[in-house]
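Trainee: structure for the following, please:
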Amino acid sequence: MNGSASVGYNPVFGPSDQLFLSDSTFCPNSELMTSEKSSVTLLGIPFDESSSFLRGAAQAPPKIREALHSPSTNLSTESGYDLSAETRFRDLGDLSLPSGTAAFVAIEQGVSELLESGDRMVALGGDHAVTYPVIRAFAKQYDRFTLLHLDAHPDLYDEFDGNRLSHACPFARIMEEGLVHRLVQMGIRTTTPHQKDQVERFGVEVVTAAQWTDSVVTELDGPVYLSLDLDVIDPSFVPGVSHHEPGGVSVRDVLGVVQSINGPLIGADIVEYNPVRDVNDVTAMVAAKCLKAVSYTHLTLPTNREV
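Mentor: The predicted model follows:
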């Protein structure tokens with residue numbers, strides 16, 4: 001376990017005394033929660049209070065599920081792996097979150113409880129602020145792992161508009177607390193002098209959109225956690241994101257990275273889908289496509305709890 005992550009909560013957090021799961025929880029294989037085989041569990045985190053420009057990402061989890069189960073497609077991956085027949089692939093529904101900073105405590109607590117069951121998790125955000133408490137939970141279980149962050153933005157601000165828990169700041173908080181061994185950012189195509197300084201300060205490894213290559217991922221050693229901000233993809237493919245940043249990568253580029261992870265892939269999140277801006281659910285379908293690829297990688301790569 002990562003010692004730096006076990007020293008209480010960051011002062012920006014407050015105490016929490018309860019955790020709720022939504023009434024609409026969907027768990028088709030709940031009897032398998034104590035299975036000896038590691039499962040992949042979906043967990044919705046409907047939170048967007050830290051969004052700096054547009055709200056709406058809190059509405060994303062059910063829309064991604066709708067796309068995943070759309071009659072226009074199926075649950076098979078590109079390799080022909082049928083997730084609908086996989087008893088280790090299930091959905092716990094959404095966390096029911098309080099407002100304000102208490103939501104961060106509840107997210108960490110909920111993810112911690114899931115990980116203690118031995119499962120591997122794919123979180124459906126929500127804005128990118130949710131990655132901070134999620135990684136805090138993972139750092140309690142894993143000593144050393146690489147955080148692979150796909151995004152148009154570094155999200156390394158020390159604070160944004162006076163908010164240190166903004167969705168523009170999660171990776172600064174993660175690096176300050178020493179929660180991960182390495183932070184590798186791919187797809188970056190807009191930054192600021194302050195964030196460049198933060199890259200230097202924290203020793204972040206940055207691969208810009210112009211430098212994008214799958215080989216970066218194949219060379220990663222040890223356990224990997226994947227954080228996928230959908231705006232890493234060019235807005236021509238994903239109109240349903242809050243921050244349109246032209247010059248992005250393609251859906252195929254992202255799938256190639258996911259498929260190149262050698263593992264073990266210990267967890268993942270898919271964030272910043274904003275249904276309010278989507279067109280004909282195109283972005284929801286992209287999110288579902290990425291979710292299938294991530295889940296397949298989870299299920300077919302070895303797990304390693306002793307890292």
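Trainee: and Glu78, backbone torsions?
Mentor: According to degrees, to the nearest 10, the main-chain angles of Glu78 amount to phi -60, psi -30.
Trainee: try the one 3 residues further on
Mentor: Per-residue torsions, Tyr81: phi -80, psi 120 (degrees, to the nearest 10).
Trainee: residues near the nearest residue to Gln59 once chain neighbours are set aside, how many?
Mentor: If the residues on either side of it in the chain are set aside, Gln59 comes closest to Pro275, at 4.8 Å by Cβ to Cβ, 6 or more residues apart in numbering. Every residue, glycine included, has its C-beta placed from N, CA and C. Applying other Cβ atoms under 10 Å, we find 20 other residues in the vicinity of Pro275.
Trainee: pick out the residue nearest the middle of the protein.
Mentor: Per Cα atoms, centre = their mean, the C-alpha nearest to the average position across the chain is that of Asp269, at 1.7 Å.
Trainee: that one falls within a strand, correct?
Mentor: Yes - applying DSSP: H, G, I helix; E, B strand; the rest coil, one finds Asp269 inside a strand.
Trainee: low-scoring stretches of the stretch 1-150 of the chain, by residue?
Mentor: Applying pLDDT under 70 to the stretch 1-150 of the chain flags the ranges 1-38.
Trainee: where along it do the strands fall?
Mentor: Secondary structure of the stretch 1-150 of the chain by DSSP state E, counting those that start in this stretch: the strands cover 20-21, 40-45, 89-96, 120-125, 146-150.
Trainee: His244 is nearest to which of those?
Mentor: For His244, the closest of these is strand 146-150, at 16.5 Å, according to Cβ to Cβ.
Trainee: can you name the next helix or strand after the closest one?
Mentor: Scanning forward in sequence from strand 146-150, with DSSP states H and E defining helices and strands, the next element found is helix 170-176.
Trainee: buried stuff in that following helix?
Mentor: Within helix 170-176, the residues that qualify as buried are 170-175, counting by 16 or more other Cβ atoms under 10 Å.
Trainee: now do it: which elements does it pack against?
Mentor: For helix 170-176, the contact count by 3 or more Cβ pairs under 8 Å, 6 or more residues apart in numbering; DSSP states H and E identifies helix 131-139, strand 146-150, strand 182-188, helix 193-202 as packing neighbours.
Trainee: adjacent strands (with direction) for the helix or strand just after the longest one?
Mentor: What that stands for is helix 193-202. Downstream of helix 193-202, the next assigned helix or strand under DSSP H and E is strand 205-208. According to DSSP bridges, strand 205-208 forms sheet pairs with strand 182-188 (parallel).
Trainee: pick out the most distant pair among the buried residues of helix 170-176.
Mentor: Maximum pairwise distance in those, criterion Cβ to Cβ, is 9.7 Å, between Pro170 and Met175.
Trainee: circling back: surely the residue nearest to the centre of the chain touches Val134?
Mentor: Yes - the pair Asp269 and Val134 passes the contact test of Cβ atoms under 8 Å, sitting 6.0 Å apart.
Trainee: joint contacts of those two?
Mentor: Counting by Cβ atoms under 8 Å, 6 or more residues apart in numbering, the common neighbours of Asp269 and Val134 are 45, 123.
Trainee: sorry, back to before: okay, the buried residues of helix 170-176 in TSV with pLDDT next?
Mentor: Supplementary listing: the buried residues of helix 170-176 in TSV, determined by pLDDT from 0 to 100:
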residue	pLDDT
Pro170	95
Phe171	96
Ala172	95
Arg173	96
Ile174	97
Met175	96
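Trainee: and of the residues you listed, the nearest to Leu92?
Mentor: When these are compared for distance to Leu92 (Cβ to Cβ), Pro170 comes out closest, at 22.3 Å.
Trainee: the closest residue to His194 other than its chain neighbours: neighbour count?
Mentor: Leaving aside its sequence neighbours, His194 sits nearest to Tyr157 (Cβ to Cβ, 6+ apart; 6.7 Å). Other residues lying near Tyr157 total 22 when counted by other Cβ under 10 Å.
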